[in-house]
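K.L.:
What shape does this take:
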Amino acid sequence: MMDKFLSDQQDPKAVEKVYTRLTDLLTTGEEIIYIATQKKPLVNILPDCVALTNKRVLFFTPANLGLSIKFIDFVWKDIVDVSIKEEIIGAVFFVKTTNQAEMGVDYLPKVQARKLYQYAQERKEEEREARRQRELEEKRAESGSFNFEHGAAAQQVAPEPEPVITAPPVQEAAKPDELTEKLKKLRTLFDYGLISQDEYNAKKLELLSDL
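P.N.:
Below you'll find the predicted structure:
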């Protein structure tokens, strides 16, 4: 199992220590993708290592003169950038997280650094797609819940129809009786002495004769 992580001239002893430690750290469903080992130009007794799994990136550093090994890990969803910088001797691989933390390893053989970058980019793309799918599912769930709640509320508390108020028909003002008006005017003329009794009686009879 460990041999597949030695295909790019990794330090066998360093890989063995990291691999042994990694097998104890793996969670359910977690698999090792690649292990890269540091190769310092002069003394390379205790090289640092970088390991990629399908869930996280782990940086291993020997401690206590190689008797123990420390590690720092970052899950993929917290990593916002992965990059390499090739130099005259080797390359530097480092990651940047959502809280602006940075971690890297220098003096990596260039072929190993490139493999780290390639696998890391593939894994980041998978994580972006998984995040996109999760966001879509959350939006669908929120939309379904919203429609269901509002639909149920509409069924339970249906608004009562407002009463239709019909305006009463506009009635035209009743026209005054023309005969009555003429009789009133005639009486006024008589009361003011403008016509005599005989004239009043004659005109009144004339008006009433039209009925």
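
K.L.:
Run through the protein and note the low-pLDDT ranges.
P.N.:
Along the chain, the parts satisfying pLDDT under 70 run over 145-176, 210-211.

K.L.:
Name the single longest helix found in this structure.
P.N.:
helix 110-156 (DSSP state H).

K.L.:
Following element in sequence after that helix, please.
P.N.:
For helix 110-156, the following helix or strand on the C-terminal side (DSSP states H and E) is helix 178-191.

K.L.:
Break this protein into its domains for me.
P.N.:
According to automatic domain parsing, the chain comprises the domains 2-138, 179-208.

K.L.:
Tell me the gap between the longest helix of the chain and the middle of its chain.
P.N.:
10 Å (CA atoms, centre = their mean, to the nearest Å).

K.L.:
Give the other helices and strands that that helix contacts.
P.N.:
Taking 3 or more CB pairs under 8 Å, 6 or more residues apart in numbering; DSSP states H and E as contact, the helices and strands that helix 110-156 lies on are strand 32-37, strand 49-53, strand 79-86, strand 91-97. Just so you know, the C-beta spots here come from the backbone N, C-alpha and C atoms, and that holds for glycine as well.

K.L.:
Try it again at 6 Å.
P.N.:
For helix 110-156, the elements it packs on are strand 32-37, strand 79-86, strand 91-97, judged by 3 or more CB pairs under 6 Å, 6 or more residues apart in numbering; DSSP states H and E.

K.L.:
Now tabulate those in a markdown table and tack on distance to A14 and mean neighbour count.
P.N.:
Formatted as a markdown table, these follow (distance: least, CB to CB, whole Å; neighbours: other CB atoms under 10 Å):
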| stretch | distance to A14 | mean neighbour count |
| --- | --- | --- |
| strand 32-37 | 4 | 24 |
| strand 79-86 | 19 | 15 |
| strand 91-97 | 15 | 19 |
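
K.L.:
got the contact list for V82?
P.N.:
V95, A120 (CB atoms under 6 Å, 6 or more residues apart in numbering).

K.L.:
who's it bridged to?
P.N.:
Per DSSP bridges, the residues bridged to V82 are V95.

K.L.:
ok, K40 - contacts?
P.N.:
With CB under 6 Å, 6+ apart, K40 has these contacts: Y107.

K.L.:
Assign a three-state SS to it, would you?
P.N.:
coil (DSSP: H, G, I helix; E, B strand; the rest coil).

K.L.:
Could you measure from it over to L46?
P.N.:
Look at K40 and L46: by CB to CB, to the nearest Å, they are 9 Å apart.

K.L.:
Fine by me, we can end here.
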